Structures are given as structure tokens and as C-alpha cells.
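> Sequence and predicted model, in that order:
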Amino acid sequence: QVQLVESGGGSVQTGGSLRLSCVVTGITSNLFGIGWFRQAPGKQREVAAAHNWRNTDTYYLDSVKGRFTISKDTGKNTVYLQMNRLKPEDTGIYSCAASNISTHQYAYWGQGTQVTVSS
């Protein structure tokens with residue numbers, strides 16, 4: 001089993017920054033990647049950024065490119081999402097999730113953390 005715990009959410013004004021952390025524990029040998037998902041009120045959940053667990057490959061949603069940076073600290077089994085130049089449309093619940101190597105499906109989820117950006 002794999003457990004994920006997020007932290008670092010909060011409220012900022014437009015243009016501000018936040019750093020989210022996702023600590024991964026449990027059996028990590030079968031992981032493929034970690035994704036940071038977000039869901040705004042009334043909207044579908046989308047993956048904002050993702051990091052391959054086994055190498056440095058990353059993915060970013062077009063709307064966050066150049067503003068968000070995903071990184072991984074292997075020694076701490078932690079994946080970070082540095083969010084800069086935040087906009088009100090970045091508001092939502094941010095959750096990290098882990099995909100397994102056999103299906104590449106996101107099978108493990110954290111509890112989520114709220115990010116609110118005010119104008």
C-alpha cells in the first residue's frame with residue numbers, strides 16, 4: 001500500500017506563491033509517477049503537473065507552464081509543487097496521487113489541500 005499526505009495549501013493574493021508538499025510512504029517500488037491534481041468548484045478535476053517516480057520526466061498543464069514547478073526529493077520521498085504568480089483561476093483543492101507501474105493509473109490519493117487565490 002502507498003499513502004500520500006499533502007501540506008502547504010493556503011490563501012494568497014494574485015501574484016503570490018505557495019509550495020505544496022506530498023510525502024509518499026509505504027511500498028514505493030511499484031510506483032510509476034506522482035501527479036498534482038486540482039479541482040475548482042463546479043469544474044472537472046485536472047492534472048496540473050506530474051513527475052515520473054523513476055526519472056526526471058515531468059508534465060505540465062499548459063495554463064501553469066512557466067509558473068509551476070514540480071520536483072522530487074528522492075531521499076525524502078517527497079514531491080513538491082512550487083506555484084508562483086498565482087491567479088484566481090488557480091483556486092481549488094489540490095491533491096497528489098500516485099500511479100502504479102503496471103497500469104499507469106492513479107490508484108493512491110492524498111486527502112487534498114485547499115489553495116485560494118484572491119484578486
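Structure received.
> ok, what's across the strand from the residue positioned nearest the centre of the chain?
Centroid-nearest residue in the chain, with Cα atoms, centre = their mean: residue 36, separated by 2.2 Å. According to DSSP bridges, the partner residues bridging residue 36 are residue 49, residue 96.
> Do I have it right that it meets residue 50?
Yes: the pair formed by residue 36 and residue 50 meets the contact definition of Cβ atoms under 8 Å, at 7.1 Å. Yep, even glycine has a C-beta here, placed from its N, CA and C like the rest.
> got any residues that touch both of those two?
Shared between the contact lists of residue 36 and residue 50 (criterion: Cβ atoms under 8 Å, 6 or more residues apart in numbering) are residues residue 70.
> rewinding a little: distance-wise, check the residue nearest to the centre of the chain relative to residue 4.
11 Å (Cβ to Cβ, to the nearest Å).
> do the same with residue 28
Between residue 28 and residue 4 the distance is 11 Å, computed by Cβ to Cβ.
> now residue 22, nearest residue through space, not along the chain?
Excluding its sequence neighbours, the residue lying closest to residue 22 (Cβ to Cβ, 6 or more residues apart in numbering) is residue 96, at 3.5 Å.
> And the strands in the protein?
Counting by DSSP state E, residue ranges of the strands within the chain are 2-7, 10-13, 18-26, 31-39, 46-52, 58-60, 68-73, 78-83, 92-100, 106-109, 113-118.
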